[in-house]
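*Asks:* with the input below, show me the fold.
(one chain, ligands or ions: 1)
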Amino acid sequence: MTTYDRFLERHPAYAATSALDALRATEYGRIDARGQIYLDYTGGGLHAACQVQEHARMLTEHVLGNPHSVNPSSMEMTSRVERARSAVLEYFNGTGEYTAIFTLNASGALKLVGESYPFAPGGRLLLTADNHNSVNGMREFAQAKGAWVGYAPLTRPELRIDMPAMDACLAQADPGHANLLAFPAQSNFSGVKHPLTLIETARSKGWHVLLDAAAFAPTNRLDLRAVSPDFVAMSFYKMFGYPTGVGCLLVRNDTLGALRRPWFGGGTVNFATVQGRMHVLSPGEAGFEDGTLNYLSIPAVEIGLRHLQGVGIETIQARVHCLTDWLITQLLALHHGNGRPMVRLYGPANMTQRGGTVTLNLYDPGGHLVDYRRIEELAAQESISLRTGCFCNPGAGETAEDLNEADMRAGLAEEGADINLRRFLHYLQEHGGKSAGAVRVSMGLASNFADVERFLAFAARFRDQTALTIGTVPFDIESCRVVREGG
Ligand SMILES: Cc1ncc(COP(=O)(O)O)c(C=O)c1O
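*Replies:* Numbers count the residues shown, from 1 in each chain. Below you'll find the model as predicted:
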């Protein structure tokens with residue numbers, strides 16, 4: 001019996017996703033043609049060749065000008081941008097109930113909410129410790145306007161939202177003020193799928209809810225008639241690889257009026273005067289789309305959504321589920337000759353409410369942490385694309401390593417920022433070999449069994465090797481991933 005047979009025996013549902021093997025050979029043929037193992041879907045999805053070809057055809061066959069004028073090239077472009085907007089609303093089942101605002105990326109969508117939300121003394125911003133930095137950064141707007149800012153903690157070791165603590169936080173809202181809860185539908189650190197029932201619970205207690213769907217939407221259906229957060233942020237390249245540079249903020253129509261833009265610019269005003277010092281913001285999405293949109297790329301969103309629909313999000317989800325379960329099970333089965341486990345997994349060790357993002361560190365036979373940056377370096381030598389660091393999600397990493405506020409203050413105390421960082425990493429090492437980062441492998445639309453097997457074979461090669469022989473990557477403050485990282 002081959003390993004693949006054993007896999008199929010454990011995951012008979014995988015067979016029903018074989019259409020994706022055919023697609024891998026055709027639309028994503030470049031991966032195998034180049035001998036690449038792509039395991040960074042949470043960083044960015046991969047596009048099908050047909051998406052780019054269709055988009056290129058559109059660009060080469062039509063005369064397309066800056067939208068929002070009445071000349072023919074402009075009108076043609078306007079209608080294509082608006083078609084893409086309608087396609088986004090339809091895809092998420094939000095037509096009629098939501099407004100779709102095109103942004104640069106998910107971060108752009110989050111920043112729009114941060115700067116426009118009516119934070120004020122008496123109001124609150126509640127975040128989960130598991131959040132991307134582009135959500136964490138919203139606290140700067142809230143603090144500047146005098147709102148209370150707090151975090152709901154996560155449980156260890158599964159890194160799920162601590163629900164009793166969350167309930168206690170939610171109960172503190174003064175419904176007379178503006179209160180915003182922001183959390184990710186799926187963690188880009190641990191792969192945990194947080195309960196979407198939290199949306200209705202929070203709304204019923206006087207909170208607006210922002211759902212960060214950036215890591216969720218590529219492998220899950222988000223139906224805005226089933227769950228209706230006030231705001232949803234996403235990046236399209238994460239869903240289908242192409243185009244980059246376009247994201248979206250979906251806003252409930254009955255919440256849109258609560259937002260107050262702190263400025264106006266080209267494209268966002270119906271009227272502005274210099275002498276009168278007044279302006280009238282454009283209604284709807286136009287009031288939030290600053291300057292000229294990435295108009296040539298936006299039609300590629302409609303193409304990408306059609307591609308995703310053609311493949312079927314449920315098929316992608318099923319496939320990723322099978323592959324992730326296999327990967328986790330096999331990783332946890334890796335042991336050194338002395339019986340010690342080779343892998344420490346962060347987050348759930350089973351498939352209950354989790355997606356295809358798997359974060360781990362490798363340990364040597366003596367229990368010493370292997371430098372995750374060295375793992376990335378060695379993986380690269382084998383054409384494996386994975387990601388290391390803390391993935392812009394410091395709260396999940398801190399919880400995983402049981403670092404509390406006092407630890408962080410002690411580690412980061414006193415000196416200049418750069419030196420602090422060095423000290424901090426040293427401090428972590430000195431305090432029980434804690435890690436400031438990890439290795440992340442993530443699966444998506446074009447993943448297959450061979451990708452997973454190649455990574456497992458790569459990981460197995462560290463059996464009985466000491467951290468010292470594997471080596472470390474010299475710490476370079478200029479490229480320090482604790483500070484400068486993405487994904
Ligand atoms: C959960 C989550 N939120 C937000 C973002 C930010 O996305 P972008 O960098 O496209 O703005 C990411 C990116 O990795 C993410 O994973």
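*Asks:* need the pLDDT of the residue of the chain most remote from its centre.
*Replies:* Within the chain, Gln275 marks the point farthest from the mean C-alpha position, 44.6 Å out by C-alpha atoms, centre = their mean. Looking at Gln275, its pLDDT is 93.
*Asks:* in terms of helices and strands, where is it?
*Replies:* Assigned by DSSP states H and E, Gln275 belongs to neither a helix nor a strand.
*Asks:* name the SS class of the residue positioned nearest the centre of the chain, please.
*Replies:* The residue lying closest to the centre of the chain (C-alpha atoms, centre = their mean) is Ala215, at 3.4 Å. The local conformation at Ala215, judged by DSSP: H, G, I helix; E, B strand; the rest coil, is coil.
*Asks:* tell me who's in contact with it.
*Replies:* Taking C-beta atoms under 8 Å, 6 or more residues apart in numbering, we find Ala215 in contact with 42, 132, 184-188, 238, 355, 357. In this view, the C-beta of every residue, glycine as well, is placed from N, C-alpha and C.
*Asks:* do Leu378 as well
*Replies:* Neighbour list for Leu378: 458, 470 [criterion: C-beta under 8 Å, 6+ apart].
*Asks:* would you say it is within a helix?
*Replies:* Yes - assessed with three-state DSSP, Leu378 lies in a helix.
*Asks:* tell me how far it lies from Arg440.
*Replies:* Taking C-beta to C-beta, to the nearest Å as the measure, Leu378 falls 15 Å from Arg440.
*Asks:* likewise for Phe183?
*Replies:* Using C-beta to C-beta, Phe183 is found at 20 Å from Arg440.
*Asks:* quick one: name the residues of the stretch 1-150 of the chain near the ligand.
*Replies:* Applying C-beta under 6 Å from any ligand atom, we find that the stretch 1-150 of the chain lies next to the ligand at 42, 105-107, 132, 134.
*Asks:* those into TSV, with extra columns for pLDDT, distance to Asp230 and neighbour count?
*Replies:* Formatted as TSV, these follow (pLDDT from 0 to 100; distance: C-beta to C-beta, whole Å; neighbours: other C-beta atoms under 10 Å):
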residue	pLDDT	distance to Asp230	neighbour count
Thr42	98	25	29
Asn105	98	20	21
Ala106	98	16	26
Ser107	98	18	20
His132	97	18	26
Ser134	98	17	20
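*Asks:* so how far is Gly108 from the nearest residue to Leu281 once chain neighbours are set aside?
*Replies:* Nearest residue to Leu281, sequence neighbours excluded (C-beta to C-beta, 6 or more residues apart in numbering): Gly287, at 4.2 Å. Distance of Gly287 to Gly108, computed by C-beta to C-beta: 15 Å.
*Asks:* repeat for Ile161
*Replies:* Look at Ile161 and Gly108: by C-beta to C-beta, they are 26 Å apart.
*Asks:* then Ala410?
*Replies:* Applying C-beta to C-beta, the value for Ala410 to Gly108 is 35 Å.
*Asks:* which of these two has more neighbours?
*Replies:* Remark: of Ala410 and Gly108, Gly108 carries more neighbours, 20 against 14, as counted by other C-beta atoms under 10 Å.
*Asks:* how about the more buried one, what does it touch?
*Replies:* By C-beta under 8 Å, 6+ apart, the contact list for Gly108 reads 247, 249.
*Asks:* run the last query once more with 6 Å
*Replies:* Gly247 (C-beta atoms under 6 Å, 6 or more residues apart in numbering).
*Asks:* go ahead and list the helix or strand containing it.
*Replies:* Counting by DSSP H and E, the element that carries Gly108 is helix 106-116.
*Asks:* after that helix comes which helix or strand?
*Replies:* strand 124-128.
*Asks:* the nearest residue to His336 once chain neighbours are set aside: neighbour count?
*Replies:* Distances taken as C-beta to C-beta, 6+ apart put Pro365 closest to His336, at 4.1 Å, once the chain neighbours are dropped. Residues lying near Pro365 (other C-beta under 10 Å) number 18.
*Asks:* what pLDDT is listed against the nearest residue to Met138 once chain neighbours are set aside?
*Replies:* Nearest residue to Met138 in three dimensions, chain neighbours excluded: Gly114, at 3.8 Å (C-beta to C-beta, 6+ apart). On pLDDT, Gly114 comes in at 98.
*Asks:* His426 now?
*Replies:* pLDDT for His426: 69.
*Asks:* in what helix or strand does Leu345 lie?
*Replies:* Secondary structure from DSSP H and E places Leu345 in strand 343-346.
*Asks:* an error on my part: the question was meant for Thr399.
*Replies:* Element membership for Thr399 (DSSP H and E) is helix 394-400.
*Asks:* could you do Ala165 as well?
*Replies:* Assigned by DSSP H and E, Ala165 belongs to helix 163-171.
*Asks:* partners of the next helix or strand after that helix in the sheet?
*Replies:* Sequence-wise, the next helix or strand downstream of helix 163-171 (DSSP H and E) is strand 179-184. Applying DSSP bridges, strand 179-184 is found paired with strand 124-128 (parallel), strand 208-212 (parallel).
*Asks:* will you turn those into TSV that also has mean neighbour count, mean pLDDT and distance to Cys50?
*Replies:* Shown next, in TSV, are these (neighbours: other C-beta atoms under 10 Å; pLDDT from 0 to 100; distance: least, C-beta to C-beta, whole Å):
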stretch	mean neighbour count	mean pLDDT	distance to Cys50
strand 124-128	24	98	38
strand 208-212	26	98	29
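*Asks:* near the ligand, which residues of the stretch 201-350 of the chain show up?
*Replies:* Residues of the stretch 201-350 of the chain lying close to the ligand (C-beta under 6 Å from any ligand atom) are 212, 214-215, 235.
*Asks:* rerun at 8 Å
*Replies:* 212, 214-216, 233, 235, 237-238, 247 (C-beta under 8 Å from any ligand atom).
*Asks:* of all those, which comes closest to Ser297?
*Replies:* For these, the residue nearest Ser297 by C-beta to C-beta is Tyr237; the value is 10.1 Å.
*Asks:* and that closest one, how close does it get to His336?
*Replies:* Between Tyr237 and His336 the distance is 39 Å, computed by C-beta to C-beta.
*Asks:* who has more neighbours, the two?
*Replies:* Relative neighbour count places Tyr237 above the other of Tyr237 and His336, with 24 against 17, counting by other C-beta under 10 Å.
*Asks:* how about the more buried one, secondary structure?
*Replies:* Under three-state DSSP, Tyr237 comes out as helix.
*Asks:* how about the helices of the stretch 301-450 of the chain, start to end?
*Replies:* In the stretch 301-450 of the chain, the helices defined using DSSP state H, counting those that start in this stretch lie at 313-332, 372-381, 394-400, 405-411, 417-430, 449-460.
*Asks:* deepest-packed of the ones you listed, please.
*Replies:* Comparing the helices of the stretch 301-450 of the chain by mean neighbour count (mean count of other C-beta atoms under 10 Å), helix 394-400 ranks first with a mean of 23.
*Asks:* that one: how far from the chain's middle?
*Replies:* Put simply, helix 394-400 sits 15 Å off its chain's centre (C-alpha atoms, centre = their mean, to the nearest Å).
*Asks:* contacts made by it with the rest, please.
*Replies:* Residues outside helix 394-400 that contact it (C-beta under 6 Å, 6+ apart) are 129-130, 154, 159, 189-190, 346, 390.
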